[in-house]
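>>> just coords:
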């Protein structure tokens, strides 16, 4: 059984940086894309960034230029460096995994989800 576990959330001030990490602590995934979604209060879960098993990355418009996603497909881990955080970046960040990068980027057919880690950004 796959088990995605996130860490690294917390309370930061606007302009600060934060690193989110996700590890699969269950059954190994082979050639899966992994990524991050954010859900703000009262809003739908939205795509933030993802990386394919062979290193191709994709970002939402709001994340481009500020966030950097990296991953280790052999270890089923993914990290996201978030710089220049804004209050609108706040929310619960979920790690996700699916066979195709496009599935994550289009928020469809997400096979696995983590439980989420909360990021709070004070202005």
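Okay, I see it. It should be emphasised that the depicted structure is a prediction, and the values quoted were computed from it without experimental measurement. Numbers count the residues shown, from 1 in each chain.

>>> C-alpha only now, for contacts and for neighbours.
Will do.

>>> what bridges to the residue nearest the centre of the chain?
Centroid-nearest residue in the chain, with Cα atoms, centre = their mean: residue 36, separated by 1.8 Å. The residues paired with residue 36 through beta bridges, assigned by DSSP bridges, are residue 49, residue 95.

>>> in the chain, which spans are strands?
Listed in chain order, the strands found in the chain under DSSP state E are 4-7, 10-13, 18-24, 33-39, 46-51, 57-59, 67-72, 77-82, 91-98, 112-113, 117-122.

>>> Give the rounded mean pLDDT of the shortest one.
Going back to what we said before, that points to strand 112-113. Across strand 112-113, the average pLDDT comes to 98.

>>> Note down every partner strand of that strand and its orientation.
Neighbouring strands of strand 112-113 in its sheet, by DSSP bridges, are strand 91-98 (antiparallel).

>>> next one: the second one
Strand 10-13 has the following sheet partners, assigned by DSSP bridges: strand 117-122 (parallel).

>>> report the angle between the axes of the partner strand and strand 33-39?
For strand 117-122 against strand 33-39, the angle between stretch directions is 50 degrees (axes from the mean of the first three to the mean of the last three Cα atoms, to 10 degrees).

>>> List the buried residues of strand 117-122.
Across strand 117-122, burial judged by 16 or more other Cα atoms under 10 Å covers 117, 118, 119, 120, 121.

>>> Name all residues that make contact with the second one.
This points to residue 118. Contact partners of residue 118, counting by Cα atoms under 8 Å, 6 or more residues apart in numbering, are 9, 10, 90, 91, 92, 93.

>>> Find the nearest non-adjacent residue to it, please.
With sequence-adjacent residues excluded and distances taken as Cα to Cα, 6 or more residues apart in numbering, residue 118 is closest to residue 92, at 4.2 Å.

>>> Then residue 74?
Counting by Cα to Cα, 6+ apart, residue 74 lies nearest to residue 30, which is 7.7 Å off, once chain neighbours are set aside.

>>> Equivalent analysis for residue 19, please.
The spatially closest residue to residue 19, leaving aside those adjacent along the chain, is residue 81, at 4.5 Å (Cα to Cα, 6+ apart).
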